[in-house]
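Novice: have a look; sequence and predicted model below, questions after that.
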Amino acid sequence: MPSERTLILVKPDGVQRGLIGPIIGRFEQSGLKIIGLKIMQMDEETAGRHYAEHVDRPFFSGLIEFITSGPIVAMCVSGPNAIAHCRRLMGATNPQDAAPGTIRGDYATDIGRNITHGSANEEDAAREVSLFFDESELLSYHRATGPWIIEP
Ligand code: DAT
Ligand code: MG
């Protein structure tokens, strides 16, 4: 399985609701590796670049207003098929469709307040990781539990 890197955000609703720890925990407990982590507030320019694909959608201005409205937590997560794996952990975009046990299924009810972001594909992941992290902020390290998570 290819090792991938993906960008995960705890959106402003997750930070305001005191869910940073539980949400980071979902990714951490899965065995995926957190290789970059910061709390920050997105400016409009970064938000526009991050969500550029949605610029013509009716929800775009509300999305930008929301994502810049308060602090977020940005995380770079790595591991086997990390992009798709993180999307599965998060559940469907609309929490009404998200299965119980997923982050959005367990913590959210509204598509406009769906708690987390995760890159959708390899191209987006590379672009989004570099939007939030300098390469020097991303660590490469081994964990003692490595062979208990991935069969050597
Ligand atoms: P995802 O975040 O699962 O990749 P997306 O890229 O289609 O989903 O949309 C980005 C965000 O925009 C999404 O997390 C929530 C918001 N959004 C998407 N569709 C929406 C809609 N129909 N109404 C309101 N917000 C929406
Ligand atoms: Mg998306």
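Specialist: Thanks, I have it. Ligands and ions are numbered 1, 2, ... in the order given.
Novice: tell me if I'm right that residue 92 and residue 98 touch.
Specialist: Yes. Contact criterion Cβ atoms under 8 Å: residue 92 and residue 98 qualify, at 4.4 Å. In short, each C-beta sits where N, CA and C put it, glycine included.
Novice: tell me which of those two has more neighbours.
Specialist: residue 98 (22 against 15; other Cβ atoms under 10 Å).
Novice: where do the contact lists of residue 92 and residue 98 overlap?
Specialist: Residues touching both residue 92 and residue 98 by Cβ atoms under 8 Å, 6 or more residues apart in numbering: 104, 105.
Novice: who are the contact partners of the nearest residue to residue 109 once chain neighbours are set aside?
Specialist: Spatially, and ignoring its direct neighbours in sequence, residue 109 is nearest to residue 95 (5.3 Å; Cβ to Cβ, 6 or more residues apart in numbering). Counting by Cβ under 8 Å, 6+ apart, residue 95 makes contact with 104, 105, 107, 108, 109, 110, 111, 114, 115.
Novice: got TSV for those residues, with pLDDT too?
Specialist: Shown next, in TSV, are the contacts of residue 95 (pLDDT from 0 to 100):
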residue	pLDDT
104	98
105	98
107	98
108	98
109	98
110	98
111	98
114	98
115	98
